[in-house]
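Undergrad: Predicted model and sequence below, questions to follow.
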Amino acid sequence: MEERYLATAIKAAQQAGAVLDLYWGQLKKISEKTPGNLVSEADTQAEEAILKVIQNDFPDHAFWAEESGQSGTSPYVWSIDPLDGTTNYAHQY
């Protein structure tokens, strides 16, 4: 079973990476959740891609996602931070 979790995590990371590649240098919407804490459409779209992959493979699992919050109840909980370093990403560093 552990191999299935890892395979899903890798697939989710690859999907999110593809989203982030598409938005690189193309961000149109950047906002602040709190002062100095940025979020962009790349963050939310990458998170949606991750959630879609995991929900497809493990529909009964729960999530703690940085942008969309907590959902579901399960002994299996995925912690999701789609883009750690949004400020650097937004400035193309």
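TA: Alright, I've got the coordinates. Residues are numbered from 1 along each chain as shown.
Undergrad: I'd like the distance between D57 and N37.
TA: 30 Å (Cβ to Cβ, to the nearest Å). (Glycine included, C-beta is placed from N, CA and C.)
Undergrad: Mind checking which of the two has more residues around it?
TA: Taking neighbours as other Cβ atoms under 10 Å, D57 and N37 compare with D57 leading, 15 against 10.
Undergrad: Was I right to think that one contacts T8?
TA: Yes. Applying Cβ atoms under 8 Å as the test, D57 and T8 come out as touching, 4.5 Å apart.
Undergrad: For the closest residue to V39 other than its chain neighbours, give me the pLDDT.
TA: Of all residues not flanking V39 in the chain, K33 sits nearest, at 5.3 Å (Cβ to Cβ, 6 or more residues apart in numbering). K33 is assigned 86 on the pLDDT scale.
Undergrad: tally of neighbours for K33?
TA: Neighbours of K33 under the rule other Cβ under 10 Å: 12.
Undergrad: which SS state does it fall under?
TA: Three-state call for K33 (DSSP: H, G, I helix; E, B strand; the rest coil): strand.
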